[in-house]
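# compute the structure for the input listed below.
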Amino acid sequence: MNTSLPNDPSLRLVRDLLRVRMVEEAIAREYPKGEMRCPVHLSVGQEAVAVGTGAALERSDLAVSTHRAHAHYLAKGGNLKRLLAELFGKEAGCARGRGGSMHLIDLDVGFEGSTAIVGSTLPVGVGLALGSKVRGDSAVTCVFLGDGAAEEGVFYESANFAAVRKLPVLFVCENNSYSVYSPLGVRQPPGRRLYEVVRSIGLTSALHDGNDVFAVAATVKTAVAGIRHGGPPVFLEFSTYRHLEHCGPFADDTLGYRPEPDVAAWKARDPIIQAQDKVRDHPEFSDETIGRWRSEIAAEIDEAFAFARATPWPEQSTRAEYVYA
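Down below sits the predicted model:
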C-alpha cells in the first residue's frame, strides 16, 4: 500500500505526520457509529512529538505510553490494522481486543504498553531501562508522559531512581498545557517550568518546540545517542497543543476553558502546515506529492477499517486469559 515512501528523511517525516493525522481524523469520523466501544484520546495537533521521536528510535529500543497512545504506537512502527482491530475489541488487535484504545502493546516493535492511569507507565519504563542496563544491551527506553503526569509522586520517584542508577531512559513530556480542563496556571505556581524542576533531580533536561517535527527528531536523536553511549537519563519537554477534546472525537472549544486567541494561535502553528512549509522547495515535494500521499494513506486506512470490522471477536472461552488475581 505504501508505494511512494520517500527515501529522504525530511519528506518521510512529513508523510508520517500526515499519516498519523489522517488515521486520527478517520477514528474521529467513525467513532460516533458506536462500533469502537472504548474511550479514545486523540492526538490531533500533537503528532510532531510522536513522529519525531519515533524516527529517532531504533526498532530494538523500547517505549511505554499514556492514555493518548495511538500516535506513539504508530510512530514506533505499530501495525495500523492491529491498532484499529484493538479499538473494535477484536482478537486480531494488538492486545487481542482486551485493552482498547488506552491499552496498546506490541512487543514485536518494542512498544511495551500504555495505560489509562496517569503516570503508571513511568516506573514500568524505568524498570525496562534497568533491565537493559543489567543485561548490558544497547536499548534505550522512551517514556512518554504528559504535563499532568509530571505532577504525580511516582514521576519524582522514577526520575530520581533513573538519575541515581544512571539508567538508559528518555522521558518525553508532551506539554499541551492542560490536564483535562485545568491549565497549568491552576496546577503550578507562577514561573515554575517542568524541565527546570526535573533538572534539579539530576536529569539532563531541556524545553523545545513540540510542533516542529524536524527539531523534535534532531533533539531526540542527539539525546538517544548520548544515552546509548553511557550518558545520563534525559528529560525532554515539548510544548504542543491538542486540537480536539480531552477524551472523544469532537472539538470542545465551546466550553470556554481555553482562550480563543490561544486556540487560534496554536492552530496557526499546526505541525503539518509547518513541516510542509519547510520542505516546500524540496525537488521531490509538490502539491501532487501531497495528493498522492493522501490517496495512498486513505486507501490504507479504508483497508484497515475493513479488516477491523471483518476480523472475529475473541472466543468466549478465552475471556479470562490475561486476568490475574
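
# low-confidence ranges in the chain?
Under the criterion pLDDT under 70, the flagged ranges of the chain are 1-4.

# show me what the longest helix that it contains is packed against.
Using DSSP state H, we find that the single longest helix of the chain is helix 287-310. When contacts are defined as 3 or more Cβ pairs under 8 Å, 6 or more residues apart in numbering; DSSP states H and E, helix 287-310 packs onto helix 9-30, helix 80-87. Quick note: C-beta positions are derived from backbone N, CA and C, even for glycine.

# what's the angle from the first one to helix 80-87?
Here helix 9-30 runs at an angle of 30 degrees relative to helix 80-87 (axes from the mean of the first three to the mean of the last three Cα atoms, to 10 degrees).

# list the buried residues in helix 9-30.
Buried residues in helix 9-30, counted by 16 or more other Cβ atoms under 10 Å: 10-11, 13-24, 26-28, 30.

# about what we covered before: of the helices and strands packed on helix 287-310, which approaches Trp313 most closely?
For Trp313, the closest of the helices and strands packed on helix 287-310 is helix 80-87, at 10.3 Å, according to Cβ to Cβ.

# between that closest one and helix 287-310, how many degrees?
40 degrees.

# now what about helix 80-87, what contacts it?
With contacts defined as Cβ atoms under 8 Å, 6 or more residues apart in numbering, helix 80-87 is touched by 23, 27, 36, 38, 40, 70, 73-74, 91-95, 97, 99-101, 104, 106, 300-301, 303-305, 307-308, 311.

# please give me every residue in contact with Asn175.
Neighbour list for Asn175: Gly146, Asp147, Leu184, Leu194, Gly210, Glu237, Phe238, Ser239, Thr240 [criterion: Cβ under 8 Å, 6+ apart].

# quick check: phi and psi at the fourth one.
According to degrees, to the nearest 10, the main-chain angles of Leu194 amount to phi -60, psi -50.

# wait, isn't it in contact with Asp147?
Yes - the pair formed by Leu194 and Asp147 meets the contact definition of Cβ atoms under 8 Å, at 6.4 Å.

# what residues are shared contacts of those two?
Contact criterion Cβ under 8 Å, 6+ apart; residues shared by Leu194 and Asp147: Cys173, Asn175.

# give the helix, strand or coil label for the nearest residue to Leu145 once chain neighbours are set aside.
Closest residue to Leu145 in three dimensions, ignoring its sequence neighbours and counting by Cβ to Cβ, 6 or more residues apart in numbering: Cys173, at 5.3 Å. Going by DSSP: H, G, I helix; E, B strand; the rest coil, the secondary structure assigned to Cys173 is strand.

# and the gap between Cys173 and Ala310?
Using Cβ to Cβ, to the nearest Å, Cys173 is found at 39 Å from Ala310.

# looking at those two, which is more packed in?
Relative neighbour count places Cys173 above the other of Cys173 and Ala310, with 25 against 11, counting by other Cβ atoms under 10 Å.

# distance-wise, check the more buried one relative to Glu151.
Distance of Cys173 to Glu151, given as Cβ to Cβ: 11 Å.

# which stretches in the stretch 51-200 of the chain count as helices?
For the stretch 51-200 of the chain, applying DSSP state H, counting those that start in this stretch gives helices covering 70-75, 80-87, 121-135, 153-165, 194-201.

# winner for burial among those?
A comparison of the helices of the stretch 51-200 of the chain by mean neighbour count, using mean count of other Cβ atoms under 10 Å, puts helix 70-75 on top with a mean of 27.

# helices or strands up against that helix?
If contacts are counted by 3+ Cβ pairs under 8 Å, 6+ apart, helix 70-75 sits against helix 9-30, helix 47-56, strand 62-65, helix 80-87, strand 111-114.

# between these, which gets nearest to Ala251?
Ranking the helices and strands packed on helix 70-75 by proximity to Ala251 (Cβ to Cβ) places helix 9-30 first, at 9.6 Å.

# what angle separates that closest one from helix 47-56?
Using the same axes, to 10 degrees: helix 9-30 against helix 47-56 is 130 degrees.

# and helix 9-30, what other elements does it pack with?
Helices and strands in packing contact with helix 9-30 are listed as helix 47-56, helix 70-75, helix 80-87, helix 213-228, helix 271-278, helix 287-310; criterion 3+ Cβ pairs under 8 Å, 6+ apart.
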